[in-house]
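>>> Generate a structure from the sequence data that follows.
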Amino acid sequence: MSGYPSVAVVGGGASGTLAAVHLLREARARNTPLEVVLIDRYGRHALGQAYSTTDQHHLLNACANKMSGLDDDPGHFLRWALDDGLDVSESDYLPRQTYGRYLRDLLADAEEWPVRVVRRVKGTVSALTRDRGVRVHLSGGGGIDAEAVVLALGNRAQSARPPIVDEKSPGYVADPWAPDALSEIRDGAPVLVLGTGLTMVDVAVSVTRAHPDTVVHAVSRHALLPRPHPRPVPPPVPTPIPDGPLGIGDLLRAVRLAVRDNGGDWYGVVDGLRPQAQRLWARLTPDDQRRFLGLAARHWEVHRHRIPPPTAARIADLRAAGRLHLIRGRLLRATAGPRGLRAQVSTDGAVRELDVGWLVNATGPGTDIARDPLLARLVADGVVRPDRLRLGLDADPGGAVLDASGEADDRIFTLGPLLRGSLYETTAIPEIRAQAAALAPRLVAAIAPAARRAASAG
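Sure, this is the predicted structure:
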């Protein structure tokens, strides 16, 4: 314990790390001593789910010049990579493992011992209670007293629970990002993956490299793959959106016209929409937001969240070699079979049976906060409330969570994927670092009274 006022950050991934980094830098600028308590359930501080991978073939989905962790220094990551001795250009896609090292260095560099320190805690938070500050309760017993708390929980666990008879089957992988989750899939047995998005791509890259005979079957409702980044990347194209009330039909029509006027090239149009995506989302009515989620979200995601050219080439090679099959349909049932599991898949009105050794749930981030024990507890206690679409938490524009009565809490904040309901585009590094930078002054203000008391006592 440092004796300084503390901010507890619940979640040690990119969202939590960038929140801590920007808070430490803001405290330094204001000459405010503090302790940041960074809590991660797996002890993967600064890595989280996305950057804890050890597979060098899992690449960042954005090029180096777009991945700075500092909101006021867009070239920081590229300079760090060059200083680290990497042969990299601004348009290269580096391994996610490398980015994890960068986040750890960024966090370490933001500390100024002993005035501004980071305490790394491995544990699972079970509840928050409010008194003068916030008490963070740990599931193993004990807790942490903090002046303020940041909920930086990242993406929720997979949303779909597959209809599998025995979820404890040795061939079923419920979370491909759990530590060593894919390490045993190296026996050459066929693999059935639920989902065809970014997570499936990473799973397919890993398991097909682990054994030369492995064949992957990937099933999803649309069987859409993330699109590749082009080389060279075209410049963003401004997309005029009508003023006044905005309906989902108006928005989709404006996008189609912009693509047509751009000669059918959608890359620049999508990139031109990104800076205004949060504002456009806020202009839609709740009903139109729900229509977007049901009708257009998957198509937006595969065009917006693209994969790097080397990964796209690997996926194309696997498909050409018959080692990756996309299936448009859904899993009906999985039972014990001769190779481990027998899966019944509904596709085009027929039922197809697949005998596989492995079933991997790669359906992507979930949105049901009731399935998260901590969030469910916080909702039940009235500390937070879901957003109107139940995609995450309700919060004010500065990230302060709203309690059951709709009041903003001046001690509990959030950022990143938990704001998806109000911002929609809130999972990529550029959006998260901007939120972290905006949140930092509010956090320093929250701890200011305690900092003054500590200074006068000293």
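
>>> Val383: what's it in contact with?
Leu128, Arg130, Val401, Asp403, Ala404, Asp409, Ile412 (CB atoms under 8 Å, 6 or more residues apart in numbering). For every residue, glycine as well, the C-beta is placed using N, CA and C.

>>> Could you look up the SS state of the first one?
The reference is to Leu128. Recorded secondary structure, Leu128: strand (DSSP: H, G, I helix; E, B strand; the rest coil).

>>> looking at it, it is touching Val136, isn't it?
Yes: if you go by CB atoms under 8 Å, Leu128 and Val136 touch, sitting 6.1 Å apart.

>>> Now do the shared contacts for the two.
Val149.

>>> thinking again about what came up before, most neighbours among the contacts of Val383, which one is it?
Counting neighbours by other CB atoms under 10 Å, Ile412 leads the contacts of Val383 with 27 neighbours.

>>> number of nearby residues for Leu359?
The tally of other residues near Leu359 (other CB under 10 Å) stands at 24.

>>> Need the phi and psi values for it.
Dihedral angles of Leu359 (phi, psi; degrees, to the nearest 10) stand at phi -130, psi 120.

>>> so it makes contact with Pro190?
No: look at Leu359 against Pro190 with CB under 8 Å: they stay out of range, at 10.0 Å.

>>> just checking, what packs against the helix or strand hosting Tyr102?
Using DSSP states H and E, Tyr102 sits within helix 96-110. Here helix 96-110 touches helix 14-29, helix 76-83, strand 116-122, going by 3 or more CB pairs under 8 Å, 6 or more residues apart in numbering; DSSP states H and E.

>>> rewinding a little: in the contacts of Val383, which has the lowest confidence score?
The member of the contacts of Val383 with the lowest pLDDT is Arg130, at 91.

>>> from the contacts of Val383, which single one is nearest Tyr424?
Using CB to CB, Val401 comes nearest to Tyr424 of those, at 18.0 Å.

>>> And the helices in the stretch 101-250 of the chain?
Assigned by DSSP state H, counting those that start in this stretch, the helices in the stretch 101-250 of the chain fall at 198-210, 248-261.

>>> how about those, which one is nearest Thr239?
Once these are compared by CB to CB, helix 248-261 is nearest, at 4.3 Å.

>>> mind listing the strands for the stretch 351-458 of the chain?
Taking DSSP state E, counting those that start in this stretch to define them, one finds strands in the stretch 351-458 of the chain at 358-361, 365-366, 400-402, 408-414.

>>> most tightly surrounded among the ones you listed?
strand 358-361 (a mean of 26; mean count of other CB atoms under 10 Å).

>>> quick one on the thing from earlier: could you tell me which residues within the helix holding Tyr102 count as buried?
Arg96, Gln97, Thr98, Tyr99, Gly100, Arg101, Tyr102, Leu103, Leu106, Leu107, Ala110 (16 or more other CB atoms under 10 Å).

>>> Could you dump the residues you listed into CSV with pLDDT added?
What follows is those, written out as CSV (pLDDT from 0 to 100):
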residue, pLDDT
Arg96, 96
Gln97, 96
Thr98, 97
Tyr99, 97
Gly100, 96
Arg101, 97
Tyr102, 97
Leu103, 97
Leu106, 97
Leu107, 97
Ala110, 96
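
>>> Serialize the residues you listed to CSV and add fields for distance to Leu332.
Shown next, in CSV, are the buried residues of helix 96-110 (distance: CB to CB, whole Å):
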residue, distance to Leu332
Arg96, 34
Gln97, 37
Thr98, 41
Tyr99, 38
Gly100, 38
Arg101, 43
Tyr102, 43
Leu103, 41
Leu106, 46
Leu107, 46
Ala110, 50
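
>>> quick one: which of these is nearest to Thr363?
Closest approach to Thr363 among the buried residues of helix 96-110 (CB to CB): Arg96, at 20.0 Å.

>>> doesn't Gly48 make contact with that closest one?
No: look at Arg96 against Gly48 with CB under 8 Å: they stay out of range, at 10.5 Å.

>>> sec struct for the closest residue in space to Ala434 that isn't next to it in sequence, please.
Among residues not flanking Ala434 along the chain, Asp71 sits closest, at 5.4 Å (CB to CB, 6 or more residues apart in numbering). Taken by three-state DSSP, the conformation at Asp71 corresponds to coil.

>>> Now for Asp71, how many residues are close by?
What Asp71 shows, counting by other CB under 10 Å, is a neighbour count of 20.

>>> Same question for Gly357.
19.

>>> cool, Pro212 as well?
By the criterion of other CB under 10 Å, Pro212 has 8 neighbours.

>>> Out of the contacts of Val383, which is nearest to Ser169?
Among the contacts of Val383, and counting by CB to CB, the member closest to Ser169 is Leu128, at 35.7 Å.

>>> mind checking how far the closest one is from Ile144?
10 Å (CB to CB, to the nearest Å).

>>> Overlap in contacts, those two.
Here Leu128 and Ile144 share the contacting residues Arg135, Val136, scored by CB under 8 Å, 6+ apart.

>>> Could you single out the most deeply buried of the helices and strands packed on helix 96-110?
Greatest average neighbour count among these goes to helix 14-29 (a mean of 25), per mean count of other CB under 10 Å.

>>> In contact with the closest residue to Thr129 other than its chain neighbours: list those residues for me.
Among residues not flanking Thr129 along the chain, Arg135 sits closest, at 4.6 Å (CB to CB, 6+ apart). Listed by CB under 8 Å, 6+ apart, the contact set of Arg135 reads Leu128, Thr129, Gly143, Ile144, Asp145, Ala146.

>>> Just the buried ones out of those residues, please.
Leu128, Gly143, Ile144, Ala146.

>>> List the contacts of Ala296.
Contact analysis of Ala296 by CB under 8 Å, 6+ apart lists Ile248, Leu252.

>>> okay, it: pLDDT?
Ala296 is assigned 93 on the pLDDT scale.

>>> Relative to His229, how far out is it?
Separation of Ala296 from His229 (CB to CB): 21 Å.

>>> contacting residues around stretch 346-353?
For stretch 346-353, contacts defined as CB under 8 Å, 6+ apart pick out Val219, Ile327, Arg328, Gly329, Arg330, Leu331, Leu332, Arg342, Ala343, Gln344, Val345.

>>> quick one on the thing from earlier: just give me the closest of the buried ones among the contacts of Arg135 to Arg28.
Checking those against Arg28 by CB to CB gives Ala146 as the nearest, at 19.2 Å.

>>> Helix or strand with the lowest mean pLDDT in this structure?
For the chain, counting by mean pLDDT, DSSP states H and E, strand 156-158 ranks last in confidence among helices and strands (a mean of 70).

>>> So which of the helices and strands packed on helix 96-110 is nearest Leu153?
Going by CB to CB, the one of the helices and strands packed on helix 96-110 nearest Leu153 is helix 14-29, 7.7 Å.
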